[in-house]
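[1] The sequence and its predicted three-dimensional model are supplied below.
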Amino acid sequence: MTYLPSKVPALVFAALTAASPAMADQISDAEALVNSYYTAAAQDDWNTLYALFSEDSTIKISMQFGGWIPDEHFTFKSADLMNADNSGLEELEKFTQSNLSHRIVKTEEVGDTIKVYAVQTSTYAYEDHTGDLTENDTFVIANAVGQPLVQTYQNIQNYE
């Protein structure tokens, strides 16, 4: 009887290593997109920000103010924001942030998407309130039209 070594481990290894570079590219592309988001947001570069989101992406924002005013929660489609008039920008311009820093906490593959968890910290000023702001962000990114775009964005803001 002739002994034939099993080829299963070699085939499994080959399949894993063949798939790994593609997944690594998707993960690095997703992380690069998230870093681009923070750079554009810090520069108030709205055109770049809009280009990072698919037109039908969902944006969820939760603002937790620690009791000095009631918390606020918003959910909308990115197309609604892109097509909105600029009437709210005057109020937004009263809000300033400094000492911005962000870090990606975790990146994972979830089905056909990449989910990126990030935290941004800053010092904020708004009218007579100043303090520290921690933002916990979740980006769900998928390839659309040949490039990675944000499909869902959740932002939880904690004002101190």
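    Good, I have the coordinates. Keep in mind it's a predicted model, so treat the numbers as computed, not measured.
[2] For I114, report the pLDDT, please.
    For I114, the model assigns a pLDDT of 97.
[3] quick one: the helices in the chain?
    8-42, 46-51, 78-82, 89-93 (DSSP state H).
[4] For L49, see how far away T75 is.
    Distance, T75 to L49, using CB to CB, to the nearest Å: 18 Å. The way it works is simple: take the backbone N, C-alpha and C, and place the C-beta from them, glycine included.
[5] Looking at these two, which is more packed in?
    A direct count of neighbours by other CB atoms under 10 Å for T75 and L49 places L49 higher, at 19 against 10.
[6] per-residue confidence for the most centrally placed residue in the chain?
    The centroid of the chain falls nearest to F139 when counting by CA atoms, centre = their mean (3.2 Å). Looking at F139, its pLDDT stands at 98.
[7] Now for the closest residue to it other than its chain neighbours: which residues touch it?
    Spatial nearest neighbour of F139, chain neighbours left out: V116 (4.5 Å); criterion: CB to CB, 6 or more residues apart in numbering. By CB atoms under 8 Å, 6 or more residues apart in numbering, V116 lies in contact with A30, E31, V34, I104, K106, T107, T138, F139, I141.
[8] Who does V116 form a beta bridge with?
    Beta-bridge partners recorded for V116 (DSSP bridges): T107, F139.
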